[in-house]
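Undergrad: I need the structure of the sequence given here:
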Amino acid sequence: MFGRTAIYAFFASGLLSTLVSAACPADQSIELCCITVETFGQGYYVFHDVCGYTLDNSTVMAAGCDEVPDGCSSFHGWYDACCNSTLLCQSGVDGPFGVDCTATPIE
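TA: Numbering: from 1, shown residues only. Presented below is the predicted three-dimensional model:
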């Protein structure tokens, strides 16, 4: 049979994967690894003029993003962002963008 250590390790790994996948809150359930995080107003030229979107200037945006199923821990200097939705830029630059995000720098 399985030893006590193996059983604890099994349950701990299940708990850890649950905690990792639940890192973003339900209202910002899209996890992205992003190069920059700024308000729509700060990135107005790209978000509006290049990509054609209009949002409130205070909306927090994440740019230069990748969706990485294993998490962002290896993306040092980037941001681990939790976003409400994503947008793509028709010009193909810097996408996808995260919209209405909270973010933590990856050290």
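Undergrad: For Glu31, give me its contacts.
TA: Ala23, Cys24, Glu67, Gly71, Cys72, Asp80, Ala81, Cys82, Cys83 (CB atoms under 8 Å, 6 or more residues apart in numbering). For the C-beta atoms, the positions are set from N, CA and C on the backbone; glycine is no exception.
Undergrad: What of Thr59?
TA: Per CB under 8 Å, 6+ apart, neighbours of Thr59: Thr39, Phe40, Val99, Asp100.
Undergrad: again, but for Gly52
TA: Gln90.
Undergrad: ok, now how distant is it from Leu87?
TA: 10 Å (CB to CB, to the nearest Å).
Undergrad: Could you tell me the model confidence score at the closest residue to Leu87 other than its chain neighbours?
TA: Excluding the flanking residues, the one nearest Leu87 by CB to CB, 6 or more residues apart in numbering is Phe97, at 4.7 Å. pLDDT, Phe97: 92.
Undergrad: Look up how far Thr86 lies from Phe97.
TA: 6 Å.
Undergrad: quick one, which of these two is more surrounded?
TA: Between Phe97 and Thr86, Phe97 has the larger neighbour count (other CB atoms under 10 Å), namely 26 against 16.
Undergrad: What separation is there between the more buried one and Glu107?
TA: For Phe97, the distance to Glu107 - CB to CB - is 23 Å.
Undergrad: same check, this time on Ser29
TA: Taken as CB to CB, the span from Ser29 to Glu107 is 24 Å.
Undergrad: and the two? which has more neighbours close in?
TA: Ser29 (13 against 6).
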